[in-house]
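**Student:** fold the stuff below for me.
(one chain, ligands or ions: 2)
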Amino acid sequence: MGQVAAGNPGGCGFLGEHVVRMLLQREPRLCELRIFDLHLGPWLDELKTGPVRVTAIQGDVTQAHEVAAAVAGTHVVIHTAGLVDVFGKASPETIHEVNVQGTQNVIEACVQTGTQFLVYTSSMEVVGPNVKGHPFYRGNEDTPYEAVHRHPYPCSKALAERLVLEANGRKVRGGLPLVTCALRPTGIYGEGHQIMRDFYHQGLRLGGRLFRAIPASVEHGRVYVGNVAWMHVLVARELEQRAALMGGQVYFCYDKSPYKSYEDFNMEFLRPCGLRLVGTRPLLPYWLLVFLAALNALLQWLLRPLLLYAPLLNPYTLAVANTTFTVSTNKAQRHFGYEPLFSWEDSRTRTIRWVQGVESSSQ
Ligand SMILES: NC(=O)C1=CN([C@@H]2O[C@H](COP(=O)(O)OP(=O)(O)OC[C@H]3O[C@@H](n4cnc5c(N)ncnc54)[C@H](O)[C@@H]3O)[C@@H](O)[C@H]2O)C=CC1
Ligand SMILES: CC(C)CCC[C@@H](C)[C@H]1CC[C@H]2[C@@H]3[C@H](O)CC4=CC(=O)CC[C@]4(C)[C@H]3CC[C@]12C
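**Tutor:** Ligands and ions are numbered 1, 2, ... in the order given. Just a heads-up that it's a prediction; the model follows:
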């Protein structure tokens, strides 16, 4: 195969920026890259001087004509755009519009304009944790699990993923079949991770301390952003050669990051930056956390006409943080030869350096 043009809706987000940089560094056949996002980052300018033609397009995935114009003429689309909101900042309708209708628009754009390969960033949330709080312990893509959701974000990701998988095999302009595939990262961490930054600042405000809220025994799956980006690039590269095997498939994104609780994992980066986690057990009893989470939800609802109150703790985030969800799989390795590009030590060092940079830039 010759040179390729790629499109990346959502290319200016946390994951999207890593995908863009990874494509430019690791995809020698790339001749053109279209980055389509609601908000374009200033860092894009530095990419425009390289050998690959980088075009930044400010646009909205909910506008079908804008998506079609951005996608036209590309060989592969990596769709990382999405509204990641589990804090109640956006309405359920907006989350649905961006994540579900936006994804439908991306699919239709591929079909209408003749783009044959589509890689979709799904999420572990498509599977769970479910509303019953069942643990998913070291599961893989075939592990039976009752995936039942109520929150708008996982509902939207599950619907969008289904649309992408069902679109596999549809004829695109020119008559060739569309080949689609969905990647399901667990909680992504690394350079640019907003929630890590929030925890860091909260720790500084509390005099260098964070207080344990979740038992250390609750394991939460995490994966380094560079490895998630690498998986996307590999899938985009391999979909053509392995269409029969990979088309319509889902893959968890995984690497060698250790299984730990959400807070203990964050401390791998925050401890070297001077924070400590107080308590070997949660400081507050669980019933009190449930009460505070419910109180936050009530306050959010009451204050909505006046201001946006969207704290980290709400009934949904508490349930996710307090339910074991970890993956153990080698499907990506078997299907398209994925090996993590970054070791755990590298991922950790890079993330620590980034947090330390956040510290110095905010002083
Ligand atoms: N952050 C995480 O831990 C995980 C994220 N994901 C998925 O990965 C994808 C990327 O997530 P992040 O990079 O963390 O989020 P992010 O919010 O940093 O990036 C999303 C990007 O999509 C863009 N976007 C949002 N609405 C848009 C619209 N209407 N039109 C065009 N662009 C729009 C945003 O401007 C942003 O640049 C999302 O689909 C998310 O569901 C999946 C698993 C875990
Ligand atoms: C103080 C609280 C008890 C702890 C709050 C932590 C939460 C804010 C986060 C715990 C687990 C996170 C989610 C998880 O990593 C899975 C996700 C996948 C996605 O696709 C989007 C993000 C997220 C929902 C992530 C969001 C923050 C947590 C709920």
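
**Student:** tell me the contacts of the single nearest residue of the chain relative to ligand 1?
**Tutor:** Closest contact between the chain and ligand 1, by CB to the nearest ligand atom, is at residue 13 (2.0 Å). For the C-beta atoms, the positions are set from N, CA and C on the backbone; glycine is no exception. The contact partners of residue 13, by CB atoms under 8 Å, 6 or more residues apart in numbering, come to 37, 80, 81, 82.

**Student:** 7 Å - rerun?
**Tutor:** Residue 13 is in contact with residue 80, counting by CB atoms under 7 Å, 6 or more residues apart in numbering.

**Student:** now do residue 236
**Tutor:** By CB under 7 Å, 6+ apart, residue 236 lies in contact with 6, 76, 78, 117, 119.

**Student:** next: residue 39.
**Tutor:** residue 12.

**Student:** which one is the closest residue to ligand 2 within the stretch 1-150 of the chain nearest to, not counting chain neighbours?
**Tutor:** Among all residues of the stretch 1-150 of the chain, residue 123 sits closest to ligand 2, at 3.3 Å; criterion: CB to the nearest ligand atom. Leaving aside its sequence neighbours, residue 123 sits nearest to residue 157 (CB to CB, 6 or more residues apart in numbering; 4.7 Å).

**Student:** per-residue pLDDT of that neighbour, please?
**Tutor:** For residue 157, the pLDDT comes out at 98.

**Student:** ok, the one 4 residues further on next?
**Tutor:** Residue 161 is assigned a predicted lDDT (pLDDT) of 98.

**Student:** so it sits against residue 182, correct?
**Tutor:** Yes - when contacts are counted by CB atoms under 7 Å, residue 161 is listed as touching residue 182 (4.9 Å).

**Student:** now the residue of the chain closest to ligand 1: how far from residue 139?
**Tutor:** According to CB to CB, to the nearest Å, residue 13 and residue 139 sit 27 Å apart.

**Student:** what parts of this protein come near ligand 1?
**Tutor:** 9-10, 12-16, 37-39, 60-62, 80-84, 98, 102, 121, 123, 157, 185, 187-188 (CB under 6 Å from any ligand atom).

**Student:** and the residue of the stretch 101-250 of the chain closest to ligand 2?
**Tutor:** For the stretch 101-250 of the chain, CB to the nearest ligand atom, closest residue to ligand 2: residue 187, 2.6 Å.

**Student:** tell me how far that residue lies from residue 304.
**Tutor:** For residue 187, the distance to residue 304 equals 27 Å [CB to CB].

**Student:** contacting residues around the helix or strand bottoming out on mean pLDDT in the chain?
**Tutor:** Among the helices and strands of the chain, strand 4-9 carries the lowest confidence by mean pLDDT, DSSP states H and E, at a mean of 86. Applying CB under 7 Å, 6+ apart, the contact partners of strand 4-9 are 16, 19-20, 23, 29-36, 61, 67, 70-71, 73-81, 106, 236.

**Student:** for this structure, just list every one of the strands.
**Tutor:** With DSSP state E as the criterion, the chain has strands at 4-9, 30-37, 53-58, 76-79, 117-121, 136-139, 179-185, 187-189, 209-211, 222-224, 249-253, 276-278, 325-327.
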